[in-house]
Every structure is written in structure tokens, then in C-alpha cells.
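[1] Got a predicted model here, sequence first, then my questions.
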Amino acid sequence: MSSPRFVQLAPEAPARIRAELLAGLSAPVATIAPKYLYDALGARLFAAITELPEYYPTRTEAAIFARHLAEMAAELGPATTLVDLGAGNCEKAERLFTAFGVRRYVAVDISVDYLRTSLEHLQRHHPAIAMLGVGLDFTRSLRLPPEVGDGPRTLFYPGSSIGNFTPDEALAFLRQAHAECHGGALLIGVDLVKPRGLLEAAYDDPLGVTAAFNRNLLRHLNRVAGTDFDLADWRHAAFFDAHHSRIEMHLEARRDTTVRWAEGERRFAASARIHTENSYKWRVEDFAALLAAAGFSASRHWCDARGWFAVFAAHA
Ligand code: AVI
């Protein structure tokens, strides 16, 4: 019985993570990168978000895949090597294995610790597929290790996580993805522009799960950066900025408050904010143009009937 292999690429040193977080907190517009939303509890809260009736992206994307899988496979040809970016529990990729004739599955996430259990479980169900887990923060740089092997690769980036990059960052990321395809293809989920009310409900749900997800970032910061945030002082704020075509998430001070750490502090007046996430909403034609600018030669997309979400297949 084969078992998965694992490669952890150099994780960022704790001192650098701390320095980056504190620099963001001290910047004129206080900002924390959204990847810090995902500590162990944050990952669970995100999983809960995907179950909320208001959070349409996950189930809309799943329905598009369920309906058009055969056409996608026909468009792209066999995905002998499937590279899953942000694999987590690997569930989305598993649904592609048969239709895409996957022979080698590479699950990539920020740490192999997040992948071990899911990949070992998956390997038991798919003993004929060679499996590799790669620990890599690909939001910094997408350079896959040699263990992935030569030959064309199909990169799989579902969930509209591309929306958490600014358009410039998305272009830089897609250029790296293009190079890493080795002449293969990209299959990517993209959330689309839609009426403000639908968007804002998805990012500020009445149950308060997204608020908990956002505020949990402060607990994470207290742990890794040594800050003394009092969660009671901060509320969740999320709104659609039509000019930038993005949902912005912030943490907003309920009252004047001062946050302290070993070598510094920052005072926040009531209503001051810390920017914690952007979630860009694309138009189909703009995203197709972005793929072309990144070097992909031909792209096709599939949408749900309401035109809320798109899955793009692009040839490298
Ligand atoms: C992971 N990412 C695509 C989610 C999104 O919709 O931007 C993260 C999220 N933030 C709040 N709710 C969900």
C-alpha cells in the first residue's frame, strides 16, 4: 500500500512573522494580511462560514463543478498531475480524480501539518494515485519543489481565493502559476460582481460567524505577536466598495483603546479600523483579460444560472 510523501519548504521564521504583523499594525492604515485569519480555530470558523445560507460561493462553485465536470475534463484533457493550491481537507480535488484521470496528486498548503491527516485518509481511498503534500506559503511565492516532477501540471485553485489578492497581486500570482503549469493548465474559481445586498450579507452574516472569524484574528495576533488586544474593544465591519469592486473586512474600535506589545504601542480612537481582508469580485471579461495578461493562451468558463460565480479553465 503506497503512502503519501511530504515536503515542508522553509517556513517563515517566527521573528519575521512577528515583525511583519507589527509593521502592518503600525502602518498609517493599520493592516493585517488575511492569511493570519487561519489559525486552527480560524480554519474551523471558515469551514462554518461555508455552511451559512448567506455565504453562496462554496456551494455555487460546487454546483458548477458537479454540472460541468465532464466538459471541463474534455476541455483540459487528462490532468495526470493535479496540483491543488490551498488544499486543506482535499475534498474539492477528490471530486476531480476520476473525470480528470489523475495519476499524481500534489496538495499544497501553508503547512504540511494541515495536510497530513487528510492526505493519509485520501491515499487509503485512492491507492493507485501517487500523493505528495507540500508545505508552502504560495501567497509569498509560488515555486513548487522538484519532488512535484517534470511534465505538464494542472493547477487547481478553487474557492475564489484569488479574490483575496489585489488585481496587481493576482496578476503576479497568475504569472507564477503559468510558469508552474509547465505547459499544462489552470482550473480556477472566481467570485463575480453582484448586487451589494447579497455580497454584504455573505460577509456579515446574522449569526455572527464571519464576525467571530474576523475577531479571532486578534487572538491569533496576541499569541504570535505578543500584543494585548482586548476582543471586547473590537467589532467586525464588512462592506462592498464598488469603486474597487471588493468586499473589505475591517476590525473597528468600539471605543478609544491602546494596544501594547514589548517594544511599542498604538492608540486607536473610537471607530478607527484595522483592515483585515479584501475579497475582490470580478467581471468575467476582466478576469479573462487577466488570464491572457498572465500568459494563458485560451480560456473557457462555466457559470451558475444566476451568474454569481465562474470556474475558468485556461491553457498555459
Ligand atoms: C477564502 N476566501 C476566498 C474567503 C472569501 O470569501 O474571500 C474568505 C472569507 N472571508 C470572509 N468570509 C470568507
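    Great, that's in hand. Numbering: from 1, shown residues only.

[2] ok, now which ones touch whichever residue of the chain sits closest to the ligand?
    Relative to the ligand, the nearest point of the chain is residue 279 (3.4 Å; Cβ to the nearest ligand atom). Quick note: C-beta positions are derived from backbone N, CA and C, even for glycine. With contact taken as Cβ atoms under 8 Å, 6 or more residues apart in numbering, residue 279 is in contact with 160, 163, 164, 191, 203, 246, 247, 249.

[3] Can you classify residue 182 by secondary structure?
    coil (DSSP: H, G, I helix; E, B strand; the rest coil).

[4] sorry, back to before: in CSV: the contacts of residue 279, plus distance to the ligand, neighbour count and secondary structure.
    Formatted as CSV, these follow (distance: Cβ to the nearest ligand atom, whole Å; neighbours: other Cβ atoms under 10 Å; DSSP: H, G, I helix; E, B strand; the rest coil):
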residue, distance to the ligand, neighbour count, secondary structure
160, 5, 23, coil
163, 5, 23, helix
164, 5, 19, helix
191, 7, 25, strand
203, 5, 23, helix
246, 9, 22, strand
247, 7, 22, strand
249, 6, 25, strand
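
[5] Could I get the contacting residues of residue 129?
    Contact partners of residue 129, counting by Cβ under 8 Å, 6+ apart, are 97, 102, 103, 104, 105, 123.

[6] Once you drop chain neighbours, what's closest to the third one?
    So the one you mean is residue 103. residue 80 (4.9 Å; Cβ to Cβ, 6 or more residues apart in numbering).

[7] Compute the number of surrounding residues for that neighbour.
    If you count neighbours by other Cβ atoms under 10 Å, residue 80 ends up with 16.

[8] helices or strands up against the worst-scoring helix or strand of the chain on mean pLDDT?
    Sorting the helices and strands of the chain by mean pLDDT, DSSP states H and E puts strand 298-303 at the bottom, at a mean of 93. Other elements packing on strand 298-303 under the criterion 3 or more Cβ pairs under 8 Å, 6 or more residues apart in numbering; DSSP states H and E are helix 57-76, helix 284-293, strand 309-315.

[9] how near is the residue nearest to residue 287 when sequence neighbours are not counted to residue 168?
    Excluding its sequence neighbours, the residue lying closest to residue 287 (Cβ to Cβ, 6+ apart) is residue 190, at 5.2 Å. Residue 190 is 16 Å from residue 168, where distance means Cβ to Cβ, to the nearest Å.

[10] Format the CA atom coordinates belonging to stretch 275-294 as PDB.
    C-alpha atoms of stretch 275-294 as PDB (Å, rounded to 0.1, in the frame of the first residue of the first chain):
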ATOM      1  CA  HIS A 275      -8.100  46.400   7.500                       C
ATOM      2  CA  THR A 276      -8.000  42.600   7.600                       C
ATOM      3  CA  GLU A 277      -9.200  41.300   4.200                       C
ATOM      4  CA  ASN A 278     -10.200  42.300   0.600                       C
ATOM      5  CA  SER A 279     -12.300  40.000  -1.400                       C
ATOM      6  CA  TYR A 280     -12.400  41.200  -5.000                       C
ATOM      7  CA  LYS A 281     -15.400  40.400  -7.100                       C
ATOM      8  CA  TRP A 282     -14.600  40.100 -10.800                       C
ATOM      9  CA  ARG A 283     -16.400  40.600 -14.100                       C
ATOM     10  CA  VAL A 284     -16.000  37.600 -16.500                       C
ATOM     11  CA  GLU A 285     -14.400  39.700 -19.200                       C
ATOM     12  CA  ASP A 286     -11.900  41.300 -16.800                       C
ATOM     13  CA  PHE A 287     -10.800  38.000 -15.400                       C
ATOM     14  CA  ALA A 288     -10.400  36.500 -18.900                       C
ATOM     15  CA  ALA A 289      -8.200  39.500 -19.800                       C
ATOM     16  CA  LEU A 290      -6.200  39.000 -16.600                       C
ATOM     17  CA  LEU A 291      -5.600  35.300 -17.500                       C
ATOM     18  CA  ALA A 292      -4.400  36.400 -21.000                       C
ATOM     19  CA  ALA A 293      -2.100  39.100 -19.500                       C
ATOM     20  CA  ALA A 294      -0.600  36.300 -17.300                       C
END
